[in-house]
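K.L.:
generate coordinates for the sequence data below:
(2 chains)
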Amino acid sequence: MISAYRPGTSPIHRLAAGPKMAALAIAGTGLFFVTGLAGTALALAAAITLYFAAGLTLRDVWSVLRPLLIVMVLLVLAHAWLNGWAAAFAMGMRLGALVLLAGLVTLTTPSSAIMAAIETGLQPLSRFGVDVEKISLALSLALRFIPLIASVGAEVREAQRARGLDGSLVALAVPLLVRTLRMGEDIADAIDARGFGSTRR
Amino acid sequence: MNTKDIVFIALFAALTAALGVFPPFTLPVVGVPITAQSMGAMLAGSVLGAKRGSLAIALFLVLVAAGLPLLAGGRGGFAVFAGPGGGFLVSWILVAFVVGFLCERFWRNLGFFQALGINILGGILVLYPIGVAWISLTTGLSYFEAAAGSLGFIPGDLIKAAIAATVAVTVRKSYPLIEAPRRA
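P.N.:
Predicted structure coming up:
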């Protein structure tokens, strides 16, 4: 599991994760009010300039846009057919700018920092009974469980292949779920036995 | 929320990530990819119930937003939420909640057809209006145009609702969890 993060020392890298995510939310909302060709072109150019400011290259710009490329081309064509070329290009550039800005945050912020920022952001909610310590536990458990479940899935698939059932999604999913749930009980007991959260009680 | 609930939430977040390894298939015109992953929301709701199920999907989406490539096709990061498919992703939380809520209500006699109906209600009738609204907002297509472009996904989602219903009913027999907290 490799995060998309690109280490670096640019001002954008050094900006804390929380403010960066807040800036993305504000910029993303602001972009919805930009509709003209000139405005969206400017937004797209600004987004690409930020990539250079972060020490990233056009290759990174491409890597962020590539997964969306087919969708974008089809959307622009559909839009041009329905509403004309000017609106289509404006929409395409606005969507491109939005996706690039979002990608920039991901490329310049380690996943752990984003998760920590989300935990910090939830802190004020602890007054309303949200237990941030439990959220951190859930986040770190989920990270550990992904490779675990993948390996259980591979085991189940082999067992079902031996029975000639490897073509059936149901025959794979049911044992995988039941084993996952049974594993959950044991893990919960193990965590409780080590006194997680006992300082609170 | 005891430790067991947290572990189950984390397990289903991870399970939804694991469902992403099935290769996605992108439909033309609107191009939101079809994946086995959206079954994760239906399964989380029908196995864990409304509260734990929706929290599991929310946790999964936090990991995706943090930049981990957990979505089908190895995608992740804020960009996927900003793209046209973002509305569908966030709506999975609501899908898990609605499916979970209804499964709790009809738990005593939850057979295949009840589960199928619940999955179709949550996984299609709740999901699409929100997902389509987001496509329309991000792309400037009208709501009707975006809806027309999304219609092609419904057959795939019907198949996924049927698979999820079968799995949910079988798991309910062998490992009922929704009523378990009341015993403890």
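K.L.:
and the next element down the chain from the lowest-mean-pLDDT helix or strand in chain A?
P.N.:
Of all helical and strand segments in chain A, the minimum by mean pLDDT, DSSP states H and E falls on helix A:69-83, at a mean of 83. Past helix A:69-83, further along toward the C-terminus, the next helix or strand under DSSP states H and E is helix A:85-108.
K.L.:
need the strands for chain B, in chain order.
P.N.:
Applying DSSP state E to chain B gives strands spanning B:25-26, B:33-34.
K.L.:
how much space between A:Ala27 and A:Ala47?
P.N.:
Relative to A:Ala47, A:Ala27 is positioned 9 Å away (Cβ to Cβ, to the nearest Å). In this view, the C-beta of every residue, glycine as well, is placed from N, C-alpha and C.
K.L.:
residues that sit against both of the two, list them.
P.N.:
Residues touching both A:Ala27 and A:Ala47 comprise A:Leu101, with contact defined as Cβ atoms under 8 Å, 6 or more residues apart in numbering or on different chains.
K.L.:
for chain A, which helix extends over the most residues?
P.N.:
Selection of the longest helix in chain A by residue count, based on DSSP state H, yields helix A:132-162.
K.L.:
just list what it packs against, helices and strands only.
P.N.:
With contacts taken as 3 or more Cβ pairs under 8 Å, 6 or more residues apart in numbering or on different chains; DSSP states H and E, helix A:132-162 sits against helix A:111-122, helix A:169-193, helix B:3-19, helix B:50-65.
K.L.:
please point out which parts of the shortest one sit buried.
P.N.:
Yep, that's helix A:111-122 we're talking about. A:111-118 (16 or more other Cβ atoms under 10 Å in any protein chain shown).
K.L.:
can you lay out the residues you listed as TSV showing pLDDT?
P.N.:
What follows is the buried residues of helix A:111-122, written out as TSV (pLDDT from 0 to 100):
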residue	pLDDT
A:Ser111	85
A:Ser112	86
A:Ala113	88
A:Ile114	86
A:Met115	85
A:Ala116	87
A:Ala117	88
A:Ile118	85
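K.L.:
my guess is A:Thr180 contacts A:Ile146. True?
P.N.:
No: with the criterion set as Cβ atoms under 8 Å, A:Thr180 and A:Ile146 do not qualify as a contacting pair; they are 11.8 Å apart.
K.L.:
and the pLDDT for the residue most central in space within chain B?
P.N.:
For chain B, B:Ala41 is the residue whose C-alpha lies nearest the centre (Cα atoms, centre = their mean; 2.4 Å). B:Ala41 carries a pLDDT value of 94.
K.L.:
how about it, what does it touch?
P.N.:
B:Ala41 is in contact with B:16, B:53, B:57, B:92-93, B:95-96, B:99, B:122-123, counting by Cβ under 8 Å, 6+ apart.
K.L.:
same question for B:Val169.
P.N.:
When the contact criterion is Cβ under 8 Å, 6+ apart, the partners of B:Val169 are B:110-112, B:115.
K.L.:
tell me which of the residues you listed fall in helices.
P.N.:
Assigned to helices by DSSP H, the following of the contacts of B:Val169 qualify: B:112, B:115.
K.L.:
and for A:Leu95, the neighbour number?
P.N.:
A:Leu95: 25 surrounding residues under other Cβ atoms under 10 Å in any protein chain shown.
K.L.:
now it. Nearest residue, chain neighbours left out?
P.N.:
Counting by Cβ to Cβ, 6 or more residues apart in numbering or on different chains, the nearest residue to A:Leu95 once its immediate chain neighbours are dropped is B:Thr138, at 6.0 Å.
K.L.:
these two touch, right, that neighbour and B:Ala79?
P.N.:
No: the pair formed by B:Thr138 and B:Ala79 falls short of the contact definition of Cβ under 8 Å, at 11.8 Å.
K.L.:
pLDDT weak spots in chain A?
P.N.:
Low-confidence segments of chain A, defined by pLDDT under 70: A:1-3, A:166-167, A:197-201.
K.L.:
domain ranges for it?
P.N.:
By the record's domain assignment, chain A is partitioned as A:11-113, A:131-193 (automatic domain parsing).
K.L.:
from the chain's centroid, how far away is the longest one?
P.N.:
The chain centroid and the centroid of domain A:11-113 are separated by 15 Å, computed with Cα atoms, centre = their mean, to the nearest Å.
K.L.:
between the two ends of it, how far is it?
P.N.:
Distances were taken as Cα to Cα, to the nearest Å; on that basis the terminal residues of domain A:11-113 are 16 Å apart.
K.L.:
and A:His79, how far from chain B?
P.N.:
6 Å (Cβ to the nearest Cβ, to the nearest Å).
K.L.:
confirm for me that that residue is in contact with B:Leu141.
P.N.:
Yes: in this structure, A:His79 is within contact of B:Leu141 by Cβ under 8 Å, at 6.5 Å.
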